[in-house]
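>>> Fold the following and give me the result.
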Amino acid sequence: MSDTRKTPVVIDLEPGEEGPSPASAPPVPELGPPPPTGAAMQTIARLGARKPNRVAKVFWWALTGLVGMVVSLAAWDYVTGLLSRNPVLGWTATGLVALVLGALLLICLRELAAFSRLRRLDGLQRDAEAALAAQDLTAARAVTDRLIALYKGREDTRWGRERLAERRGDAFDADTLLTLAEDEVLLPLDAAVRAEIEAAARQVATVTAIVPLALADVVTALTSNLRMIRRIAEIYGGRAGTFGSWRLTRTVLTHLVATGAVAIGDDLIGSVAGGGVLSKVSRRFGEGVVNGALTARVGIAAMEVCRPIPFGPGKRPSVTGLVKRALTGLFG
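Got it, this is the predicted structure:
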């Protein structure tokens, strides 16, 4: 009887030729839902960073001017006609129109003051960067003087301003002086800003994970980020109005899109907040974690934009640590 058992097949390789190995095998595809991408925050970033259309801009300017002219002429005709028919009612209408115009004037002045405060922060930041680059002690002292004047009257910086005034004479170079100003005056403000960022990140993550309504995550992300950026500006002394807040938000989001910081290109979400693990359990939970983490990134960028002195070495908040404090355990 012949032996029909199968024996191993041996293939002789040519000298120097290497056979296949496990390392060269293609990766096994991961089954399950695709990883979360933070669709809400991606949408907000694209909308905020989009360049305005010039034709649309001209259209809205023209429409606003036309509506304003029509309303003004209608109000004028109404008041003058009412004065000729009934002087009492006419003067009453005149007073109401004057109140409306006065309120509009005050709103415009507040918006101009808000833009002025934001420009003041921008100027401080630019001058501090220039003083550090040139190692100009005189310029650094001028920056610290303006910093003290900026926060004059604020109780939360009183102790730091007093400490800075006592110790600034011991600094003999720009680096030391601005680091001292950062440690004594800005550290308490940085802590308050981090709390605002963590609160916004938690709110966006919670609403995205729990509320199933369409576009609810986009609306929540937009309102939370606008409020967060406005609060960050207020804490640093650049309280913004309505138009100033929107302009500041566009600046932050444009910076993030240009640097690619709103893209999920690293393992930050999976290693810190567990977004990859949560996405296998619930797609909504995974999206919530990613949207919250991207909100934290927006907050860090807003800090860099609004802070009157640039972050010194090792002083910039860690995005990883911020996300961990804001989101770890949120869905536990």
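
>>> Could you check what's spatially nearest to the residue nearest the centre of the chain, not counting adjacent residues?
In the chain, the centroid-proximal residue (CA atoms, centre = their mean) is residue 298; its distance is 3.4 Å. Excluding the flanking residues, the one nearest residue 298 by CB to CB, 6 or more residues apart in numbering is residue 225, at 5.5 Å. Placement of C-beta: from N, CA and C, glycine included.

>>> just checking, what packs against whichever strand or helix holds the residue nearest to the centre of the chain?
Counting by DSSP states H and E, the element that carries residue 298 is helix 283-306. Contacting helix 283-306 under the criterion 3 or more CB pairs under 8 Å, 6 or more residues apart in numbering; DSSP states H and E are the following elements: helix 39-49, helix 187-210, helix 216-235, helix 242-259, helix 275-281, helix 319-327.

>>> Could you tell me the least trusted of those helices?
Among the helices and strands packed on helix 283-306, helix 275-281 carries the lowest mean pLDDT, at a mean of 49.

>>> from what I can see the residue nearest to residue 298 touches residue 200, true?
Yes. Under the criterion of CB atoms under 8 Å, residue 225 makes contact with residue 200 at 6.7 Å.

>>> Can you lay out the helices and strands packed on helix 283-306 as a markdown table showing distance to residue 308?
Output for those, formatted as a markdown table (distance: least, CB to CB, whole Å):
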| stretch | distance to residue 308 |
| --- | --- |
| helix 39-49 | 24 |
| helix 187-210 | 9 |
| helix 216-235 | 11 |
| helix 242-259 | 14 |
| helix 275-281 | 34 |
| helix 319-327 | 21 |
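
>>> With mean neighbour count and distance to residue 66 as added columns, please give those in JSON lines.
Below are the helices and strands packed on helix 283-306 laid out as JSON lines (neighbours: other CB atoms under 10 Å; distance: least, CB to CB, whole Å):
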{"stretch": "helix 39-49", "mean neighbour count": "20", "distance to residue 66": "27"}
{"stretch": "helix 187-210", "mean neighbour count": "21", "distance to residue 66": "38"}
{"stretch": "helix 216-235", "mean neighbour count": "21", "distance to residue 66": "29"}
{"stretch": "helix 242-259", "mean neighbour count": "18", "distance to residue 66": "20"}
{"stretch": "helix 275-281", "mean neighbour count": "19", "distance to residue 66": "49"}
{"stretch": "helix 319-327", "mean neighbour count": "20", "distance to residue 66": "47"}
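
>>> Out of the ones you listed, the one nearest residue 132 is which?
helix 187-210 (18.2 Å; CB to CB).
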